[in-house]
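Participant: Next one to model:
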Amino acid sequence: MSKNALQKIFQLRELLEYHNYRYYVLDDPEIPDAGYDRLIRELSALEAEFPQYQSDDSPTRKVGGYAAKTFSEVEHAVPMRSLGNAFTEEAVVNFDRRVRELLDLGEGKMEYVAEPKLDGLAVSLTYENGWLVQAATRGDGRTGENITQNVRKVLGKATRLQGERIPAVLEARGEVFMRTDDFEAFNRSQKKAGQKTFVNPRNAAAGSLRQLDPGVTAARPLSIYCHGLGHVSDRQPPPTHRESMEWLRALGLPVSDRMKTVEGVEGCLGYYRELLGQREELPFHVDGVVYKVSRIDWQDRLGFTARAPRWAIAHKFPAQEEMTRVKKIEVQVGRTGAITPVARLKPVFVGGATVSNATLHNREEIARLDVRVGDCVIVRRAGEVIPEVVSVVLSRRKKGARAFAYPETCPVCRSPVVYERGGVIARCSGGLFCDAQKKESIRHFASRKAMDIGGLGEKLVEQLVDNRLIRDVAGLYTLTPEQLAGLAGMAEKSAGNLVGAIEKSKSTTLARFLYALGIPLVGEVTAEVLAGRLPDLEKISHPDEEELQCIPGVGPIVARSVSTFFDQPHNQAVIEKLKAAGVRWPAPQTPSGVTDSFFSGKTVVLTGTLGMPRSEARNRLQSLGARVTGSISKNTDYLIAGRDAGSKAGRAQQLGVEILDESRFLEHLGRPPEKGPDGVSA
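Facilitator: Predicted coordinates for the structure are as follows:
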């Protein structure tokens, strides 16, 4: 069971990362909120049942988005976390119970602030001496996109704070959205002008805010509400969340007038039912309500998990459902050869969007639903583009409807289909012979967290493979501007830019290179672990499975996957071609297993803005034997605090954790631990 659980955990993590990217970066989601939330719950349950497989890199422990490459990156002084979700009244009751237990309040009633959960794009607004100096998207929670100029157009006069008690630095958190009437009018004008229309207000708002030309953003009817505070300097914020929001309102920032202070779980549920009854009449799109502990000092005591605050929760509205018909069922081939069935639907308007596709996941799911071509099905959508099939209306099934039969050969390359996990997972056996897998592997290789080749989009990859210009990822490094300029959508300048980006990607890190190779079960974190413990590619590419299993986080299944990958002659051949093309990475500065450093064996937390990128600081600490975590606890040895350190510095002081400023941090890098008179490290 443990082996099957690990396989399922990795499968769910990969699937969730994909859907996070579609939602947060592309503004083009493929599954409804309800389906995503079920995947998160399924993964959370498995990780709870098998704690040995937990990982800080899991989607259950981090915010799902990424900072896109269109804008410059911004590192948040205080992380922008997601909210935990409740889907039933029982879950809200449990949330209230946990809060009271953690605060040791017994049966006393907790005061909450309840407010609508807007379906828009989360943003951070940073003011210095009353002027907006930076606005950013949430991104992955730690790093977002710099959208300052565009947000200025949305804020208008609120780019400058009004009144008194203006702190030197104030960071407000909010949501940019498009009101329902504005959205409908905007889509009508877009259609009339022959321009792109949007499927729902959330995508319209996100797409409008990510325009490179601020003038385009200014021409679109965007609104914003602030709903929280981030970093505030030199002034003590008000003692309750409601007073904090009224303070922001007094400073001239827009705040929802539907916010309400309620008492106990009964007050929360009463507010929820009231807003749910008004759902269709509200002037904006909402997908639920948010409850927040009112007192700020209690919020601080409750703290955060890696992904969400313990003092707040989103109570989601029921997903909206509609009935439509399955026109046909097709299969798609992924990077690893996994064959996924997709239902093509008669277009139906549900949950604010017209939808025509639904993933059916695998053979097990099709068998459970017994979905057939021609069936009338109930589809559910919760603010997303592609719905899930909830059930089949058997009473309306046409006579002669046949059960779907999985193909015996790959629809792309005609290689035999093989089955895993008792026949549940179907996979093309063609490997890189299969054009579909080639395309997906090339896209992965070029992705931002792999080799980071900007400009190599999906359509271009398809042309490169279909026209036989490249046979594998190594072929990218042989492309010429002349070859690229002859492809659809490519001009001489863009071809030159892409060749330049490919050339730039040759200088990378071993961890990125390993991740880019697409080794099954080797994600970013595992790639970093392998590169840190075995910094020689020769050692990794001729692995001893027992040695690999001794590395924390690398179990027998991952070790076997790494060994199998490098045992394949064609994989070794591609790696040799990449090295011959000039792909390189720096030699490690410090040998693995460092035991003689100031930070060896210490637990360290980073906060604030440092003179070096946060990732570099983390890597240098890890190379010196430190364990770098994201949150302060009594087990933390050092907090390294850069500029605008935020709440972590206060928390460190409360717990007696030693704080190192950047100058002391740099001083200690590479410094051996101090020895006591007996020769033992102090």
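
Participant: Buried residues, the helix or strand encompassing residue 273. List them.
Facilitator: If you go by DSSP states H and E, residue 273 is part of helix 264-277. For helix 264-277, the neighbour count (16 or more other CB atoms under 10 Å) marks 265, 267, 268, 269, 271, 272, 275 as buried. Where you see a C-beta, it was placed from the backbone N, CA and C, and this is true even at glycine.

Participant: And the contacts of the next helix-or-strand element following it?
Facilitator: Counting by DSSP H and E, the next helix or strand C-terminal to helix 264-277 is strand 286-293. Where contact means CB atoms under 8 Å, 6 or more residues apart in numbering, the residues beyond strand 286-293 that reach it are 33, 83, 92, 95, 99, 110-119, 227, 241, 262, 268, 271-272, 275, 279, 299, 302, 311-317, 382-383.

Participant: Mind doing that once more with 6 Å?
Facilitator: The set of residues external to strand 286-293 that reach it, using CB atoms under 6 Å, 6 or more residues apart in numbering, is 112-119, 241, 268, 272, 275, 299, 311-317, 383.

Participant: what's the angle between that strand and helix 264-277?
Facilitator: 160 degrees (axes from the mean of the first three to the mean of the last three CA atoms, to 10 degrees).

Participant: Residues in contact with the helix or strand following strand 286-293: which ones?
Facilitator: Downstream of strand 286-293, the first helix or strand assigned by DSSP H and E is helix 296-302. Here helix 296-302 makes contact (CB under 6 Å, 6+ apart) with 102, 103, 239, 293, 310, 311.

Participant: list the buried ones in helix 296-302?
Facilitator: 296, 298, 299, 302.

Participant: That one: how far from the chain's middle?
Facilitator: Helix 296-302 sits 26 Å away from the centroid of its parent chain (CA atoms, centre = their mean, to the nearest Å).

Participant: Only alpha carbons, please: show it as CSV.
Facilitator: Extracted in CSV, the C-alpha atoms of helix 296-302 (Å, rounded to 0.1, in the frame of the first residue of the first chain):
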residue,chain,number,x,y,z
ILE,A,296,-4.9,40.9,15.5
ASP,A,297,-3.0,39.7,18.6
TRP,A,298,-4.9,36.4,18.4
GLN,A,299,-4.1,36.2,14.7
ASP,A,300,-0.5,36.5,15.6
ARG,A,301,-0.8,33.8,18.3
LEU,A,302,-2.5,31.4,15.8
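
Participant: related to what we said a few turns ago, in helices, which of the contacts of strand 286-293 fall?
Facilitator: 241, 268, 272, 275, 299 (DSSP state H).

Participant: packing partners for the lengthiest helix in the chain?
Facilitator: In the chain, taking DSSP H as the definition, the longest helix is helix 2-20. Here helix 2-20 touches helix 33-49, going by 3 or more CB pairs under 6 Å, 6 or more residues apart in numbering; DSSP states H and E.

Participant: redo that, cut-off 8 Å
Facilitator: Contact analysis of helix 2-20 by 3 or more CB pairs under 8 Å, 6 or more residues apart in numbering; DSSP states H and E lists helix 33-49, helix 556-567 as its packing neighbours.

Participant: how long is stretch 96-113 end to end?
Facilitator: By CA to CA, to the nearest Å, the extent of stretch 96-113 from end to end equals 13 Å.

Participant: Just the buried positions in it, please.
Facilitator: Those would be 96, 99, 100, 103, 110, 111, 112, 113, for stretch 96-113 by 16+ other CB under 10 Å.

Participant: With that, I have no additional questions.
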